[in-house]
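>>> no sequence on this one, just coordinates:
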């Protein structure tokens, strides 16, 4: 999978710069334009020349992030040949000023970026209208005939989103809901979820309920449980009948939390870039996405070779 062959570049120098940045990121294991220059071999003598080139690339409006990345991830999804895939959506705040909204595909223990958007926004809470087009774009990257399960935390517990996923995109979903959510059961009337007082280790499965009084969504299913060790209560809504398996499926979402933590502080250290521009941050996410995809594909090849 070669960048130059998979993407219709208008300027091959842009492709070369991206390759250099991916190499720098993988080798240095952090986001630092100065450190990346150590791994570059070219006719330029001074490291500052490379650093300026990286900065110009990140701020270049001609670099269309999704146009460049979409062919790569679509090719990977087709090659993986999975009959069912899990997509995980989450948000991450940068300096309490920018919000990264990202949808990733879960593959063999990793969360590989699929689509993303960076906006200037002082909160991780975003409305469906902000990322709906992003979901639509993601649906066009999924191979025909592949079943999709969408996972998200309480910040995405919106019936408008659930209806869009189920009725428009025809995706399944497992979304954690808030304890103050209202549900209606046939013959039982309205009740808030926090009125279910679960004992430690207790599980309650509710099928075919109506969710929320304001933007009503019919025909969804709920799985409620209190963790027997931590005592934490979990409430997950699904478009399919719920069971204990529902909690295991939702648990795959935690992989992206680890990925986002790695990018912010533990690994790539995204916030250390000090880049305060939404478009430039989105292009920086492209560098990270290509690096993540590259490492995932290489790991897959190593496993296939039995090494």
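Cool, got the structure. Note that the coordinates shown come from a computational prediction; the quantities given were computed from them, not determined experimentally.

>>> Would you map out the domains in the protein?
Domains of the chain are assigned by automatic domain parsing as 3-64+276-305, 174-245.

>>> Give me the distance between the two termini of the shortest one.
Going back to what we said before, that points to domain 174-245. 11 Å (Cα to Cα, to the nearest Å).

>>> Export the domains of the chain as CSV, with columns for distance to residue 72 and mean pLDDT.
In this view, the C-beta of every residue, glycine as well, is placed from N, C-alpha and C. Output for these, formatted as CSV (distance: least, Cβ to Cβ, whole Å; pLDDT from 0 to 100):
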stretch, distance to residue 72, mean pLDDT
domain 3-64+276-305, 6, 84
domain 174-245, 27, 97
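
>>> Need the ones you listed in JSON lines (columns: distance to residue 151).
Shown next, in JSON lines, are these (distance: least, Cβ to Cβ, whole Å):
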{"stretch": "domain 3-64+276-305", "distance to residue 151": "18"}
{"stretch": "domain 174-245", "distance to residue 151": "5"}
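
>>> For those domains, give me JSON lines that also has mean neighbour count and distance to residue 108.
Output for the domains of the chain, formatted as JSON lines (neighbours: other Cβ atoms under 10 Å; distance: least, Cβ to Cβ, whole Å):
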{"stretch": "domain 3-64+276-305", "mean neighbour count": "16", "distance to residue 108": "7"}
{"stretch": "domain 174-245", "mean neighbour count": "15", "distance to residue 108": "20"}
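
>>> Out of the ones you listed, flag the one nearest residue 97.
For the domains of the chain, proximity to residue 97 was assessed by Cβ to Cβ; domain 3-64+276-305 is nearest, at 7.2 Å.

>>> from the chain's centre, how far out does that closest one sit?
Relative to its chain's centre, domain 3-64+276-305 lies at 20 Å (Cα atoms, centre = their mean, to the nearest Å).

>>> out of the domains of the chain, nearest to residue 140?
Nearest of those (Cβ to Cβ): domain 3-64+276-305, 15.4 Å.

>>> Quick one: closest of the domains of the chain to residue 107.
domain 3-64+276-305 (6.3 Å).

>>> ok, which stretches of the stretch 101-250 of the chain are strands?
Applying DSSP state E, counting those that start in this stretch to the stretch 101-250 of the chain gives strands spanning 110-120, 147-152, 172-176, 182-185, 189-192, 203-211, 217-226, 233-238.

>>> now what about the longest one, what contacts it?
By Cβ atoms under 8 Å, 6 or more residues apart in numbering, the residues outside strand 110-120 that reach it are 66, 69, 73, 76, 87-88, 97-106, 126, 130-131, 134-135, 137-138, 141, 255-256, 258-259, 278-279, 281-282, 285, 288-289, 292-293, 296, 299.
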